[in-house]
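Peer 1: Can you look at this prediction? I've put the sequence above it.
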Amino acid sequence: MLTYDLEKAGRGPKYYALYRFIREDIAAGIIRPGEKLPSKRALSAHLGVSTVTVEAAYQMLIDEGYVQARERSGYYVQAVGAPAPSAARGREPLRLLPEESAAGETDFPYSLWFRTLRRVISDQGQRLVQRSPNEGCAVLRNAIARYLLRYRGMYAQPEQIVVGSGSEQLYEAVARMLGSDRTYAIEWPSYGQIEAVYRGAGARVERLPIGPGGIESGALAAASADVLHVTPFHSWPTGVTAPAAKRYEYLQWAARTGGWIVEDDFDSEFFMPGKPLESLYAMDERGAVIYLNTFSKSLAPSMRMGYMILPWDLLPVYRERVGMYSCSVPVLEQYALAQFMDQGHFERHLNRMRRKMGEESK
């Protein structure tokens, strides 16, 4: 007869403890395939529990394939193969990780954001449990397009905008779209994830040294790359901002080589003084610039949302090679950010941040 001390099994229902004990004995070979288990009534009397407890444990074992119920015969153990090694066999106590501590004061507009979230939950209801379109919800793509035209002077149709969960995912989307058989030129030094993502996709990476005014002209002219990934404003870690002449040089490189430019504009909202510099995307007349931006810097690091604007010629390529991947940004957050932008909260937050940065720099 099976003997288990269910009282010492820890917290949780007794039926689950019984199921776990029997399952582990089957996996360990203590209870062998073909062996008949005690009847529900006999085991409940032996363990001092109700037949309902035993029945629930047996049913879980049946559902997982450990036990087979034979009509008018009883319960028999099934062959489940060799047990997989498990650290849990030793029943060691859980080694819990230390929880993250609060980072202290931040400039994130908590009250406005959570008020927006509550309003969206109240107003949108059923829409929030629907699947997001792969390119992102129309409500957010529309809001981004309106914001870019209003605040940045950038004209992009919502159809050109693709929403993603931060910079790295957008880099991966670019690599899938343009292909791993290309050479991607990057500023050197630059943000490490840029090179890591392109190399991880199997592409070749060419490092172009960056000087005080952007990528050195000689290196750019000699580059053999098909794609140029640049951060014209506040390139990390150098902090270099490319002046207008250098940005035109990048566009001339694309015109001369027929290459694509990936404009990584993660920090541009905080240009001081005045409004942000004109983007390469806005300066481009050929449709050669893929524009990337993220809300992780402008709102909060935990805000894993970003977007890219695709040239019209790349839209069918994107749909063919990347369009089948689901959008990884939750619908609730997309609707909340759309409303946050449409009501002007995002721009007012940027203006407050820029004023504060200006005061701190004095």
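Peer 2: Great, that's in hand.
Peer 1: pLDDT weak spots in this protein?
Peer 2: For the chain, the stretches flagged by pLDDT under 70 are 9-10, 81-91, 102-105, 270-276, 361-362.
Peer 1: quick one, longest strand in the chain?
Peer 2: Ranked by residue count, the top strand of the chain under DSSP state E comes out as strand 204-211.
Peer 1: Show me what it packs onto, helices and strands only.
Peer 2: strand 183-188, helix 192-200, helix 217-222 (3 or more Cβ pairs under 8 Å, 6 or more residues apart in numbering; DSSP states H and E). (Glycine included, C-beta is placed from N, CA and C.)
Peer 1: Show me which residues of that strand are buried.
Peer 2: Within strand 204-211, the residues scored as buried using 16 or more other Cβ atoms under 10 Å are V205, E206, L208, I210.
Peer 1: hang on, the earlier thing: looking at the helices and strands packed on strand 204-211, which is nearest to V80?
Peer 2: Distance to V80, taken as Cβ to Cβ, is lowest for helix 192-200 among these, at 37.3 Å.
Peer 1: buried stuff in the closest one?
Peer 2: I194, E195, V197, Y198.
Peer 1: Nearest to L277 among those?
Peer 2: Among the buried residues of helix 192-200, I194 lies closest to L277 (Cβ to Cβ), at 20.2 Å.
Peer 1: Contact partners for that closest one?
Peer 2: Y171, I186, H229, D264 (Cβ atoms under 8 Å, 6 or more residues apart in numbering).
Peer 1: Between which two of these is the distance greatest?
Peer 2: In terms of Cβ to Cβ, these reach their longest pairwise distance at Y171 and I186, which sit 10.5 Å apart.
Peer 1: Which one of the two is surrounded by more residues?
Peer 2: The neighbour comparison of Y171 against I186 (other Cβ atoms under 10 Å) goes to Y171, with 27 against 24.
Peer 1: Could you find the closest non-adjacent residue to the more buried one?
Peer 2: Nearest non-adjacent residue to Y171, counting by Cβ to Cβ, 6 or more residues apart in numbering: V197, 4.1 Å away.
Peer 1: how much space between that neighbour and Y191?
Peer 2: According to Cβ to Cβ, to the nearest Å, V197 stands 10 Å off from Y191.
Peer 1: Repeat that for A225.
Peer 2: Distance, A225 to Y191, using Cβ to Cβ: 17 Å.
Peer 1: same check, this time on F233
Peer 2: Distance from F233 to Y191, by Cβ to Cβ: 13 Å.
Peer 1: before we move on, what about Y58?
Peer 2: Using Cβ to Cβ, Y58 is found at 56 Å from Y191.
Peer 1: between these two, which one's more packed in?
Peer 2: Per other Cβ under 10 Å, whichever of Y58 and Y191 has more neighbours is Y58, with 23 against 19.
Peer 1: Please, which helix or strand holds that one?
Peer 2: Per DSSP states H and E, Y58 falls inside helix 51-63.
Peer 1: Now do whichever helix or strand comes after that helix: distance to the chain's middle.
Peer 2: Remark: after helix 51-63, the chain's next helix or strand is strand 67-70, criterion DSSP H and E. Computed by Cα atoms, centre = their mean, to the nearest Å, the chain-centroid distance of strand 67-70 equals 43 Å.
Peer 1: Quick one: list the elements packing against strand 67-70.
Peer 2: helix 51-63, strand 74-77.
Peer 1: Can you list the buried residues in that strand?
Peer 2: Applying 16+ other Cβ under 10 Å to strand 67-70 flags V67 as buried.
Peer 1: CA atoms only: put that strand into CSV for me.
Peer 2: Output of strand 67-70 as CSV, limited to C-alpha atoms (Å, rounded to 0.1, in the frame of the first residue of the first chain):
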residue,chain,number,x,y,z
VAL,A,67,-2.0,6.2,-15.1
GLN,A,68,-4.7,4.5,-17.2
ALA,A,69,-8.2,3.8,-15.8
ARG,A,70,-9.6,0.5,-16.9
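Peer 1: Partner strands of that strand and their direction?
Peer 2: In the sheet, strand 67-70 lines up against strand 74-77 (antiparallel) (DSSP bridges).
Peer 1: In the strand it pairs with, which residues are buried?
Peer 2: By 16+ other Cβ under 10 Å, the buried positions in strand 74-77 come out as Y75, V77.
Peer 1: residues in contact with it?
Peer 2: Contacts of strand 74-77 (Cβ under 8 Å, 6+ apart): 26, 31-37, 39, 58, 61-62, 66-70.
Peer 1: so what does the following helix or strand past it touch, helix or strand wise?
Peer 2: Next along the chain after strand 74-77, taking DSSP H and E as the criterion, comes helix 110-124. Secondary-structure packing of helix 110-124 (3+ Cβ pairs under 8 Å, 6+ apart): helix 331-342, helix 345-360.
Peer 1: Out of these, which one sits most buried?
Peer 2: Of those, the one with the most neighbours on average (mean count of other Cβ atoms under 10 Å) is helix 331-342, at a mean of 22.
Peer 1: What helices and strands are in contact with that one?
Peer 2: helix 110-124, helix 138-147, helix 345-360.
Peer 1: can I get those helices in CSV with distance to I290?
Peer 2: Formatted as CSV, the helices and strands packed on helix 331-342 follow (distance: least, Cβ to Cβ, whole Å):
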stretch, distance to I290
helix 110-124, 29
helix 138-147, 15
helix 345-360, 23
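Peer 1: Which one of those helices lies nearest to D284?
Peer 2: helix 138-147 (16.9 Å).
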